[in-house]
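*Asks:* Take a look and give me a structure for this.
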Amino acid sequence: MHKKTMKLFKLLLCLTLFSSGLWAKNITIAAASDMKYAMDEIVNLYMKHHIDVKINTVYGSSGNTFTQISNGAPYDIYYSADIEYPKKLKSMGKAVGNVKPYAIGRIVLWSNTQNTTKGMASLLSPSVRKIAIANPDHAPYGRAAVASLKHYGIYDNVKDKLIYGENISQAAQYVQTKSADFGILALSIATSPALKTNLPYLIPQSSHPLLVQGYVQVTNNADAANFLLFFEGKEANAILAKYGFTLQ
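*Replies:* This is a model prediction of the structure:
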């Protein structure tokens, strides 16, 4: 009798697991690399409240992600470091929701080995051999970095020292691992647990075009819409603010 009970229990367990997997709610998010630490916290908090939801988050450069979605990549929500990308998707009929801003991106000068108190003038030191930035061809933070270097009139002096990360996270890795002496990074990454041990220099916002970041729902996924309601709420906003994501 005991063996029959155990067999029945195992059968019911298998059916439950199969049923759970069959009915699980799935959301796929594509987000700019600067969002990684904040978004991971928001997603984990959301899934604590909604244990039946599985969220897969993919991070990369906003320009590359825009191209992927334009070509049919199956993302439900798109967070971009440049709001113009979601706007383009919307105008192309590749998004279903309204485009909304979530932050004004800020760039900082950060180093794992050098002092940043002299600000951008620090980059002119003869001891500086490599400076990491995101690739300006498809990363908004890379474009902001180049604009800031030109604003201060030092781009021509340092352009041969620039090394490019595929996205802002990879640029941060170059500086963190000392493959580069300095990096022009996102404030959100410089304040992350991995880098916050060293104080960054906050580059004045006036030195580059405003980095308005935005998001849009791409597919008609009701669970994605529910996640966005949470993202727009107080709990998620508190996490965003912790990493410097504000609209001020």
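
*Asks:* contacts and neighbour counts: CA atoms only from here.
*Replies:* Will do.

*Asks:* ok, for Val43, nearest residue in space, not its chain neighbours?
*Replies:* Sequence neighbours aside, Ile55 is the residue nearest to Val43 in space, at 7.2 Å (criterion: C-alpha to C-alpha, 6 or more residues apart in numbering).

*Asks:* gap between the one you found and Thr116?
*Replies:* Using C-alpha to C-alpha, to the nearest Å, Ile55 is found at 38 Å from Thr116.

*Asks:* and the strand or helix carrying the residue nearest to Val43, C-alpha only, in PDB?
*Replies:* When elements are assigned from DSSP states H and E, Ile55 belongs to strand 53-60. This file holds the C-alpha atoms of strand 53-60, laid out as PDB (Å, rounded to 0.1, in the frame of the first residue of the first chain):
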ATOM      1  CA  VAL A  53       6.200  34.300 -14.100                       C
ATOM      2  CA  LYS A  54       9.600  33.600 -15.700                       C
ATOM      3  CA  ILE A  55      11.500  36.600 -17.000                       C
ATOM      4  CA  ASN A  56      14.500  36.400 -19.400                       C
ATOM      5  CA  THR A  57      16.500  39.500 -19.600                       C
ATOM      6  CA  VAL A  58      19.100  40.200 -22.400                       C
ATOM      7  CA  TYR A  59      21.500  43.100 -22.100                       C
ATOM      8  CA  GLY A  60      23.400  44.700 -25.000                       C
END
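
*Asks:* Give me the buried positions along it.
*Replies:* Buried positions in strand 53-60, judged by neighbour count with 16 or more other C-alpha atoms under 10 Å: 53-55, 57, 59-60.

*Asks:* ok, Asn64 touching Pro136?
*Replies:* No. With contact defined as C-alpha atoms under 8 Å, Asn64 does not count as touching Pro136 (11.5 Å).

*Asks:* Mind checking which of these two has more residues around it?
*Replies:* For the pair Asn64 and Pro136, the greater number of neighbours falls to Pro136 (20 against 16), based on other C-alpha atoms under 10 Å.

*Asks:* Next, the contact list for the more buried one, please.
*Replies:* 142-144, 146 (C-alpha atoms under 8 Å, 6 or more residues apart in numbering).

*Asks:* Please determine how far it is located from Phe182.
*Replies:* Where Phe182 is concerned, Pro136 sits at a distance of 17 Å (C-alpha to C-alpha).
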